[in-house]
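Chemist: quick one: sequence plus predicted model below, questions after.
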Amino acid sequence: QRQMCIRDSVVPARSNENEPVQLYLGTLSGPDFKPVSEKPFESQHASWSRDGRSLYFSSNISGDWQIWRLDLQSGISQQHTVKGGIFAREAPDGGLLFVKALTGGIWFQDQKGTEQLLVPQFAEVDWGNWLVDEKGIYYLQRLPDADLWMFKVWGQSSGEELFRVPCLLYTSDAADDSLR
């Protein structure tokens, strides 16, 4: 059994150009830096469980992209989503928060496996632009004229705006393509 150290890193990489991208775990410059699985499969977008004993990651092991959980002590991977998933974080109650490919929104899956759309205002291109803490979810919401950083408290139906970043507007003409 392997003990985890705070210096351990999880890195998506490939051993050569003919291999799939896999997750590697260990001390970057150490001899323990190895793939998390002996079977090569495409995997990306890792996040730690709240207790640090597992990794959540996306993989196409089953034929399409889903969220998986790897127990680092046993080495056993378990599929968590069945309707798609590309990035996940563990919720404080042990449920799973995740985003899906080609679909906007932040989704929640309870410990029984029931899914619900929690944050519909989340754009698919922002798959990694959100954080979870004990009080709720921080996420990016894009509008035509500004990007909003929002916070949704657990149990509330909508988020509150924390701050707004106005969009840069520019024009160009054939003679001068600089920002104006």
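Modeler: That came through fine.
Chemist: got the phi/psi numbers for the residue most central in space within the chain?
Modeler: Centroid-nearest residue in the chain, with Cα atoms, centre = their mean: F87, separated by 2.9 Å. Here is the backbone geometry of F87 (degrees, to the nearest 10): phi -160, psi 140.
Chemist: just give the nearest non-adjacent residue to it, would you?
Modeler: Computed as Cβ to Cβ, 6 or more residues apart in numbering, the closest residue to F87 that is not its neighbour in sequence is H45, at 4.4 Å. Any C-beta I mention is one placed from the backbone N, CA and C, and that applies to glycine too.
Chemist: C-alpha coordinates for the helix or strand hosting that neighbour, CSV please?
Modeler: In this structure, H45 is located in strand 43-48 according to DSSP states H and E. Coordinates of the C-alpha atoms in strand 43-48 are reproduced here as CSV (Å, rounded to 0.1, in the frame of the first residue of the first chain):
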residue,chain,number,x,y,z
SER,A,43,-7.9,9.8,-18.6
GLN,A,44,-7.9,13.5,-17.7
HIS,A,45,-9.0,16.3,-15.3
ALA,A,46,-8.2,14.9,-11.9
SER,A,47,-9.4,16.2,-8.6
TRP,A,48,-8.7,15.0,-5.1
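Chemist: quick check: next helix or strand after it?
Modeler: Where DSSP H and E defines the elements, the next helix or strand beyond strand 43-48 is strand 54-59.
Chemist: mind giving me the packing neighbours of that following strand?
Modeler: The helices and strands touching strand 54-59, judged by 3 or more Cβ pairs under 8 Å, 6 or more residues apart in numbering; DSSP states H and E, are strand 22-26, strand 43-48, strand 66-71, strand 87-90.
Chemist: pairing partners for the first one, with directions?
Modeler: In this case it means strand 22-26. Here strand 22-26 has these sheet partners by DSSP bridges: strand 9-13 (antiparallel), strand 34-35 (antiparallel).
Chemist: and what of the second one?
Modeler: Sheet pairing here is set by DSSP bridges, and for strand 43-48 it gives strand 54-59 (antiparallel).
Chemist: now the strand it pairs with against strand 66-71, angle please.
Modeler: Angle of strand 54-59 versus strand 66-71, following axes from the mean of the first three to the mean of the last three Cα atoms, to 10 degrees, is 150 degrees.
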